[in-house]
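Novice: just coords:
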């Protein structure tokens, strides 16, 4: 009876668009859903540093190296904002990282694809960050205060990421024949995985309905995917590149693009660990964490010795 | 908001003054073992784009907040005192600069 009452009062606050703050009463399911989602989001930011960091030493100019360093540093920052938000719900950062290492926690599957060429860095900024922004703009209105504030901050910073990516794509696609081919090849490899970033169809998304009722999620997977496609196709046209989907076609009636079916077998295979880089990404994270251990130990020693 | 000290140190809340003369605003939190590291971490994390001209940090454990059970009494206490607002008073139209 008490529990039912909490749930009723809670849903009323949600329905009235009142943000939930860390000390407020909330159903355990709401708390658990948020910890899962926010930590997954944090892990994605941090794992997402790997494919791009791979190109820092090989960036083609000092300008592009500086930009890429700043972008990768931003991703680390975004991870930290999100871990902080998850901690306001009672999760501990070291537990969340442990779960990542044990593969009990997931991160965005897109980062299990390798960045093979410099123009992949362009495609990642343009498409992967573009898809992430579409999702994150919607999450700015999420019902949990600390998550919403983190999203607002992240969106502000992400728009530089997408623009730097598109700038690389312009340079590549308007460059030599080989450069343009390289840009097309990046688009071919990153297009479908970018669409997969929005998750399964609404009809197959088990947790979606509850998340929408609680206003954790504000818009559905399919709605956001369509939104991303509609704004990205004209950008590909500008670049003179072809989106690798023969069924892609403007639908005047819907005022949107129709598009082909996503390869859901590939989606689930990569989600469940079978992508090209899953093991590599986790191993790298574990090793980096181990490599940093002496720093953490030194700080603890320092703190025991000098901090009252 | 956990206040426990762990291997990352303690939790500190970060406040940034975006421009000289404006109030400080809460922007987030950082872990650090002492105040020097806390300021340094806050600068790296929350001031990468000249977001602020000054930073305050304070240990999360030192923040005193309104108890949720009594927050109605403390916060919603002026609904019946609308005479504290200037619009409560009827002033003739011909009176200017008031």
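Specialist: Yes, it's here. Being a predicted model, the structure only gives us computed values, none of them experimental.

Novice: drop to CA atoms for contacts and neighbour counts, all remaining ones
Specialist: Noted.

Novice: what residues sit buried inside stretch A:272-283?
Specialist: Using 16 or more other Cα atoms under 10 Å in any protein chain shown as the test for burial, stretch A:272-283 gives A:275, A:277-278, A:281-282.

Novice: for the chain, which helix is longest?
Specialist: Going with chain A. For chain A, the longest helix by residue count, based on DSSP state H, is helix A:145-173.

Novice: chain B is the one I meant
Specialist: Chain B, longest helix under DSSP H: helix B:35-46.

Novice: rounded mean pLDDT for that one, please.
Specialist: Averaged over helix B:35-46, pLDDT sits at 95.

Novice: likewise for stretch A:88-101?
Specialist: Here stretch A:88-101 scores 95 as its mean pLDDT.

Novice: hmm, the lowest-mean-pLDDT helix or strand in chain A touching chain B?
Specialist: Within chain A, no helix or strand scores below helix A:2-15, which has a mean of 83 by mean pLDDT, DSSP states H and E. No - applying Cα under 8 Å from any Cα of the partner chain, one finds helix A:2-15 out of contact with chain B, separated by at least 15.0 Å.

Novice: by contact count, what packs against that helix?
Specialist: Here helix A:2-15 touches no other helix or strand, going by 3 or more Cα pairs under 8 Å, 6 or more residues apart in numbering or on different chains; DSSP states H and E.

Novice: who touches it?
Specialist: A:19-20, A:25-27, A:143, A:214-215 (Cα atoms under 8 Å, 6 or more residues apart in numbering or on different chains).

Novice: buried ones in the next helix or strand after that helix?
Specialist: Note on helix A:2-15: by DSSP states H and E, the next helix or strand toward the C-terminus is helix A:28-47. Neighbour counts over helix A:28-47 (16+ other Cα under 10 Å) mark A:31, A:34-47 as buried.

Novice: who are the packing partners of the next helix or strand after helix A:28-47?
Specialist: The helix or strand immediately downstream of helix A:28-47 is helix A:49-53, counting by DSSP H and E. For helix A:49-53, the elements it packs on are helix A:62-87, judged by 3+ Cα pairs under 8 Å, 6+ apart.

Novice: so the helix it packs on versus helix B:35-46, what angle?
Specialist: Here helix A:62-87 runs at an angle of 110 degrees relative to helix B:35-46 (axes from the mean of the first three to the mean of the last three Cα atoms, to 10 degrees).

Novice: sorry, back to before: quick check: buried residues in the longest helix of chain B?
Specialist: B:38-39, B:41-43, B:45-46.

Novice: which secondary structure elements does that helix sit against?
Specialist: Helix B:35-46 sits against strand B:24-32, strand B:54-59, with contacts defined as 3+ Cα pairs under 8 Å, 6+ apart.

Novice: tell me the one of the buried residues of helix B:35-46 nearest residue B:22?
Specialist: Residue B:22 lies nearest to residue B:46 out of those, by Cα to Cα, at 17.2 Å.

Novice: what's the burial count for the spatially closest residue to that closest one that is not a sequence neighbour?
Specialist: In space, and not counting its chain neighbours, residue B:46 is closest to residue B:27: 7.4 Å by Cα to Cα, 6 or more residues apart in numbering or on different chains. Residues within reach of residue B:27, counting by other Cα atoms under 10 Å in any protein chain shown, total 16.

Novice: test my guess that residue A:248 contacts residue A:261.
Specialist: No - between residue A:248 and residue A:261 there is no contact under Cα atoms under 8 Å: 10.1 Å.

Novice: any weak-confidence spans in chain B?
Specialist: By pLDDT under 70, the low-scoring segments of chain B are B:1-5, B:69, B:77.

Novice: which residues of it lie near chain A?
Specialist: B:1-2, B:7-9, B:28-30, B:33-34, B:45, B:68.

Novice: redo that, cut-off 10 Å
Specialist: Taking Cα under 10 Å from any Cα of the partner chain as the contact definition, chain B meets chain A at B:1-2, B:6-9, B:11, B:27-35, B:37, B:44-46, B:48-49, B:67-68.

Novice: quick check, the residue in chain A closest to chain B?
Specialist: Proximity of chain A to chain B (Cα to the nearest Cα) peaks at residue A:88, 5.0 Å away.

Novice: distance check, that residue against residue A:95.
Specialist: From residue A:88 over to residue A:95 the distance is 14 Å, taken as Cα to Cα, to the nearest Å.

Novice: give me the more crowded residue out of the two.
Specialist: residue A:88 (17 against 10).

Novice: now that one. Its backbone dihedrals?
Specialist: Phi and psi for residue A:88, reported as degrees, to the nearest 10, are phi -70, psi -10.

Novice: with the one 4 residues further on instead?
Specialist: Listed backbone geometry of residue A:92 is phi -110, psi 140, with angles given as degrees, to the nearest 10.

Novice: could you find the closest non-adjacent residue to it?
Specialist: Ranked by Cα to Cα, 6+ apart and with sequence neighbours excluded, the top spatial neighbour of residue A:92 is residue A:86, at 8.0 Å.

Novice: residue numbers of chain A in contact with chain B?
Specialist: Residues of chain A lying near chain B by Cα under 10 Å from any Cα: A:22-25, A:70, A:73-74, A:76-78, A:80-81, A:84-94, A:146, A:149-150, A:153, A:157, A:296-297, A:299-300, A:302-304, A:306-308.

Novice: returning to what we had before: so between residue A:248 and residue A:261, which is more surrounded?
Specialist: Neighbour totals were compared for residue A:248 and residue A:261, and residue A:248 leads with 14 against 9 (other Cα under 10 Å).

Novice: the more buried one touches residue A:258, doesn't it?
Specialist: Yes - with contact defined as Cα atoms under 10 Å, residue A:248 reaches residue A:258; the gap is 5.5 Å.

Novice: what do the two both touch?
Specialist: Residues touching both residue A:248 and residue A:258 (Cα atoms under 10 Å, 6 or more residues apart in numbering or on different chains) are residue A:229.

Novice: pLDDT weak spots in the stretch 201-308 of chain A?
Specialist: Regions of the stretch 201-308 of chain A meeting the criterion pLDDT under 70 are absent.

Novice: please repeat the previous calculation with a cut-off of 90.
Specialist: The stretch 201-308 of chain A contains residues with pLDDT under 90 at A:203-210, A:303-304, A:306-308.

Novice: what segments of it are helices?
Specialist: Remark: helices assigned in the stretch 201-308 of chain A by DSSP state H, counting those that start in this stretch are A:208-213, A:221-239, A:264-269, A:278-291, A:293-306.
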